[in-house]
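**Q** got a sequence here, can you model it:
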Amino acid sequence: MKLKWLWIVLLVMALVVVCGLIVSVLGIGLYSFSTGSQGSNISGSVVDQIFNQPNFSNPTISIDTTEEKTFLVGSEEITLVVENQFGDVFVQGNDTDQMYMTVHKTAWGLTDEEALQNMELLKYEVIEEPGKLTIRVLNPEKNLNRPGSIDFKMDIPINTNVKLSTKNGDLYAGNLQGNVALDTSFGNLEIKDVQGGDVNAENKNGGIKLRGINAVDHSITVISEFGDVSIFQANAMTLNAKTVNGRMDVENLMVSGDIDLSNNFGNVTYRNGKAENLQVISLNGTITLNGVTVDKKLIAHTDFGSLDLDDTLAVDYDLLTKNGRINLNGADQATITAVTDFGDIDLININDSIIDAETRNGAIMVNGSLAEGNHRLISDFGSITVRMPASQSVDCDLKTSFGRINSEFDMTVSGSIDEKHFVGKINDGGGLLTIETQNGNINVEKTIVAEE
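**A** Below you'll find the model as predicted:
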């Protein structure tokens with residue numbers, strides 16, 4: 001037993017010695033790295049010496065040049081392709097039969113001479129083919145501490161199809177009658193006043209703006225990874241807009257087919273428009289729809305956020321949120337499904353519709369008339385109130401575990417009388433209204449004349 005404790009003491013002492021050696025070595029190394037040896041003529045730390053080398057210095061001197069070129073293209077439809085790397089591309093359609101291009105170059109250096117040398121590295125090529133003109137920026141022959149930029153500004157025939165891309169810069173295309181495709185990695189993207197062609201906009205990091213797009217027989221596709229998406233006044237056959245992280249605001253969208261809007265982290269707002277089918281998906285954000293008409297099905301789902309629908313009409317509503325309230329103001333002869341895990345459900349100004357609403361934790365309010373059919377209102381924790389016209393006829397099955405049942409209607413009760421469970425009918429009956437809450441009151445009320 002004594003030998004066992006002796007070995008433990010020896011091991012502890014050995015561990016202390018090893019730790020002391022490590023600390024000593026680190027101290028000597030850190031001192032040497034910070035001050036250098038006493039025999040050295042180098043002043044300052046080693047880190048300063050490294051990052052003060054020319055390769056680590058940030059060029060502060062810039063020079064600029066501008067050149068102009070003109071391409072005759074005639075009256076035939078042509079496709080313009082611009083492939084940039086560091087710089088903006090601005091394309092504007094005009095009533096002309098030629099392409100007029102202004103190229104602005106900016107180069108950087110530590111000295112004027114170096115900036116001039118780097119300017120020579122900024123090159124692009126022009127490839128002319130039947131029906132196609134390609135402008136392509138070439139890779140520099142060597143790496144630059146601070147890459148320069150080449151900006152293109154072009155006036156082109158209005159009926160030109162354009163395909164613009166850049167790795168770092170803004171893109172703009174406007175006043176065109178053709179297909180438009182824009183793609184940037186870092187920068188803002190804008191498309192304005194485009195008629196009669198497919199529109200595709202993709203941005204990895206930056207905002208996207210579309211305005212005045214008239215593509216009645218064509219599609220609009222918008223994809224953004226990090227940035228806001230804004231679409232104002234657009235007509236199309238289909239529209240698909242997606243952002244991973246940012247706000248999405250769309251307004252005055254008239255689409256003959258389907259609209260698909262999705263956002264992983266951010267709110268989605270759609271005001272005024274029309275679609276055959278509408279799907280709005282958000283993983284984390286509020287969905288707001290106002291003044292939208294959907295011919296068939298409307299799907300609005302969010303994981304964390306509320307659903308606010310005002311003056312938005314559809315034949316079939318599929319409303320779902322895992323954490324948030326659901327507000328629907330206005331529905332006519334529709335089928336409504338509304339489900340939330342945590343939040344209230346308010347369905348008001350409902351006319352002649354079938355309702356299936358469920359919340360695990362929240363209150364339910366329904367104000368309007370019920371269509372002939374089966375209706376279901378369920379809450380685990382919350383009161384449920386239904387306000388209907390005095391002439392409403394429906395069969396009822398009302399049940400609460402911990403609460404009261406209150407009715408302004410004269411109800412014909414069938415079976416045994418139970419203050420926690422009413423089964424019967426209102427007026428002539430018809431269809432079945434099932435209301436159930438575990439913990440809350442059930443209120444069946446009459447609408448007043450002004451509400452009707």
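
**Q** return the list of strands paired to the helix or strand that contains residue 327, each annotated with direction.
**A** Using DSSP states H and E, residue 327 sits in strand 326-332. Sheet pairing of strand 326-332 (DSSP bridges) gives strand 307-310 (parallel), strand 345-361 (parallel).

**Q** now do the buried residues in the last one.
**A** Residues of strand 345-361 classed as buried by neighbour count (16 or more other Cβ atoms under 10 Å): 345-348, 350, 353-360. Using the backbone N, CA and C atoms, a C-beta is placed for each residue, glycine as well.

**Q** circling back to that earlier point, helix or strand next in line after the strand holding residue 327, which one?
**A** In N-to-C order, the element after strand 326-332 by DSSP H and E is strand 335-342.

**Q** what is the most widely separated pair among the buried residues of strand 345-361?
**A** Across those, the longest distance by Cβ to Cβ is 23.0 Å; it joins 353 and 360.

**Q** what helices and strands are in contact with the helix or strand containing residue 412?
**A** Using DSSP H and E, residue 412 sits within strand 411-413. Under the contact definition 3 or more Cβ pairs under 8 Å, 6 or more residues apart in numbering; DSSP states H and E, strand 411-413 sits against strand 421-426.

**Q** what pLDDT, on average, does the strand it packs on get?
**A** Strand 421-426 shows an average pLDDT of 94 in the prediction.

**Q** residues in contact with that strand: which ones?
**A** For strand 421-426, contacts defined as Cβ atoms under 8 Å, 6 or more residues apart in numbering pick out 388, 392-400, 405, 407, 409-415, 444.

**Q** now do the very next helix or strand once past that strand: which elements does it pack against?
**A** From strand 421-426 onward toward the C-terminus, using DSSP H and E, the following helix or strand is strand 432-439. Applying 3+ Cβ pairs under 8 Å, 6+ apart, one finds that strand 432-439 contacts strand 374-381, strand 384-388, strand 394-402.

**Q** now, of the ones you listed, which is deepest in the fold?
**A** strand 384-388 (a mean of 23; mean count of other Cβ atoms under 10 Å).

**Q** list of residues touching that strand?
**A** Against strand 384-388 from outside (Cβ under 8 Å, 6+ apart): 363-370, 377, 394, 409, 426, 433, 435, 437, 440-447, 451.

**Q** low-confidence stretches in the chain?
**A** 1-57, 449-452 (pLDDT under 70).

**Q** swap the cut-off to 90 and go again
**A** Flagging of the chain using pLDDT under 90 yields the residue ranges 1-60, 72-77, 140-147, 196, 411-419, 448-452.

**Q** where along it do the helices fall?
**A** 2-35, 46-51, 112-119 (DSSP state H).

**Q** what pairs with the nearest residue to residue 132 once chain neighbours are set aside across the strands?
**A** With Cβ to Cβ, 6 or more residues apart in numbering as the criterion, residue 132 has its nearest non-adjacent residue at 4.8 Å, and that residue is residue 79. Counting by DSSP bridges, residue 79 forms beta bridges with residue 132, residue 161.

**Q** wait, what's in contact with residue 79?
**A** By Cβ under 8 Å, 6+ apart, the neighbours of residue 79 are 131-133, 160-163.

**Q** ok, and the most crowded of those?
**A** Neighbour tally across the contacts of residue 79 (other Cβ atoms under 10 Å): the maximum, 25 neighbours, falls on residue 162.

**Q** and it, how far from residue 134?
**A** 12 Å (Cβ to Cβ, to the nearest Å).

**Q** find residues that contact each of these two.
**A** 81-82.

**Q** mind putting the helices and strands packed on strand 432-439 into CSV with distance to residue 119?
**A** CSV is the format used below for the helices and strands packed on strand 432-439 (distance: least, Cβ to Cβ, whole Å):
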stretch, distance to residue 119
strand 374-381, 71
strand 384-388, 74
strand 394-402, 80
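
**Q** these two touch, right, residue 242 and residue 225?
**A** No: using Cβ atoms under 8 Å, residue 242 is not in contact with residue 225, being 9.2 Å away.

**Q** which of the helices and strands packed on strand 432-439 sits closest to residue 291?
**A** strand 384-388 (24.7 Å).

**Q** so that closest one versus strand 432-439, what angle?
**A** 150 degrees (axes from the mean of the first three to the mean of the last three Cα atoms, to 10 degrees).

**Q** quick one: distance of strand 384-388 to the chain centre.
**A** Centroid separation for strand 384-388 versus its chain: 36 Å, with Cα atoms, centre = their mean, to the nearest Å.

**Q** name the strands paired with that strand and say parallel or antiparallel.
**A** strand 364-370 (parallel), strand 442-446 (parallel).

**Q** and for the first one, what's in contact with it?
**A** The contact list for strand 364-370 (Cβ under 8 Å, 6+ apart) reads 331, 344-355, 357, 377, 379, 382-389, 392, 394, 431, 433, 447, 451.

**Q** can you check stretch 121-137 too?
**A** Outside stretch 121-137, the residues touching it (Cβ under 8 Å, 6+ apart) are 69, 71, 73, 76-87, 99, 101, 103, 105, 107, 138, 140-142, 144, 148, 150, 152.

**Q** which of the residues you listed count as buried?
**A** Using 16+ other Cβ under 10 Å, the buried ones in the contacts of stretch 121-137 are 71, 73, 78, 80-87, 99, 101, 103, 105, 107, 140, 144, 148, 150, 152.

**Q** and the spatially closest residue to residue 316 that is not a sequence neighbour, how far is that from residue 372?
**A** The spatial neighbour of residue 316 that comes closest, neighbours along the chain excluded (Cβ to Cβ, 6+ apart), is residue 297 at 4.4 Å. Distance check for residue 297 against residue 372: by Cβ to Cβ, it reads 21 Å.

**Q** of the two, who's got more company?
**A** In terms of neighbours (other Cβ under 10 Å), residue 297 is the more surrounded of residue 297 and residue 372; the figures are 17 against 10.

**Q** could you report the neighbour count for residue 147?
**A** The tally of other residues near residue 147 (other Cβ under 10 Å) stands at 18.

**Q** which residues touch it?
**A** So residue 147 contacts 85-86, 108, 140 (Cβ under 8 Å, 6+ apart).

**Q** now for the residues you listed, which pair is the farthest apart?
**A** Once Cβ to Cβ is applied, the contacts of residue 147 give 85 and 108 as the farthest pair, at 14.9 Å.

**Q** perfect, I'm done here.
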